[in-house]
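> can't give you the sequence, but here's the structure:
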């Protein structure tokens with residue numbers, strides 16, 4: 001069985017689903033778990049996740065018909081033309097999360113009474129609201145999609161590897177940052193500081 005793209009897509013999708021849940025949790029926290037935000041974003045996530053699983057099944061079925069054995073080695077005779085579009089639905093969800101976090105960040109910034117140092121205060125608000133994590137993930141999906149469309153086929157794996165490395169690292173950093181902020185005076189926060197895991201955050 002040669003369906004490397006389909007199996008990689010399913011494994012990466014399961015990994016990315018966890019990351020998206022972390023990012024959604026952060027957006028929900030920014031909006032104080034308002035049901036007008038939580039319900040539509042959760043439904044959108046379920047629809048996008050289901051769509052991508054169907055796409056992975058279609059890729060698997062196509063590649064199963066295209067596999068061949070050459071000197072005992074498994075190889076694919078062709079691939080789906082739209083494979084580069086696999087991450088576009090997740091990129092759409094990330095765009096929604098970016099838009100929601102930027103909107104909330106601008107709301108927080110506009111509430112600041114003293115705006116004499118606008119650039120520094122805006123950057124601090126953006127950092128506090130974790131907008132950079134959302135933008136980073138969106139750009140990774142965009143990079144992978146553009147690389148799959150316009151780059152040579154040998155670079156397709158570069159985009160796939162980037163998707164499996166960068167978003168988990170950024171989401172874990174975001175999770176640790178949120179834990180640091182919310183457990184500063186709790187026993188867990190003191191224990192984590194003792195381990196010096198959160199020293200540079």
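Good, I have the coordinates. Keep in mind the model is a prediction, meaning the values are calculated, not measured.
> quick one: average confidence on the helix or strand where residue 169 lies?
In this structure, residue 169 sits in helix 156-182 according to DSSP states H and E. Mean per-residue pLDDT for helix 156-182: 74.
> Please identify the buried residues of it?
156, 159-160, 162-163, 166-168, 170-171, 174-175, 177-180 (16 or more other C-beta atoms under 10 Å). C-beta here means a position set from N, CA and C on the backbone, and glycine is covered the same way.
> With respect to residue 30, which of those residues is nearest?
Ranked by distance to residue 30 (C-beta to C-beta), the buried residues of helix 156-182 are led by residue 178 at 10.8 Å.
> did I read that right, residue 81 in a strand?
No: counting by DSSP: H, G, I helix; E, B strand; the rest coil, residue 81 is located in no strand; its state is coil.
> Give me the neighbour count for it.
7 (other C-beta atoms under 10 Å).
> What of the one 4 residues further on?
When neighbours are counted by other C-beta under 10 Å, residue 85 registers 14.
> dump the residue contacts of it.
145, 148 (C-beta atoms under 8 Å, 6 or more residues apart in numbering).
> got it, and residue 95?
By C-beta under 8 Å, 6+ apart, the neighbours of residue 95 are residue 138.
> Same check on residue 141?
87-88, 90-91, 94, 163.
> Leaving out the residues flanking it, which one is nearest to it?
residue 91 (3.7 Å; C-beta to C-beta, 6 or more residues apart in numbering).
> Might one say that that neighbour is in contact with residue 143?
No: using C-beta atoms under 8 Å, residue 91 is not in contact with residue 143, being 9.9 Å away.
> just to revisit the earlier point, narrow the contacts of residue 141 to those in strands?
Assigned to strands by DSSP state E, none of the contacts of residue 141 qualify.
> how about those residues in TSV, adding distance to residue 44?
Listed next are the contacts of residue 141 as TSV, based on distance: C-beta to C-beta, whole Å:
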residue	distance to residue 44
87	16
88	14
90	11
91	13
94	11
163	19
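> Which members of these occur in helices, if any?
88, 90-91, 94, 163 (DSSP state H).
> Assumed residue 61 was part of a helix.
Yes: counting by three-state DSSP, residue 61 is part of a helix.
> and it, how many neighbours does it have?
Quick note: residue 61 (other C-beta under 10 Å) scores 13 neighbours.
> Also residue 23?
26.
> Then residue 44?
Counted with other C-beta under 10 Å, residue 44 comes out at 16.
> Verify the contact between it and residue 97 for me.
No: assessed by C-beta under 8 Å, residue 44 is found out of contact with residue 97, at 9.7 Å.
> on that earlier part again, ok, now which ones touch the residue nearest to residue 141?
Residue 91 neighbours (C-beta under 8 Å, 6+ apart): 138, 141-142, 145.
> Drop anything exposed from those residues.
138, 141-142, 145.
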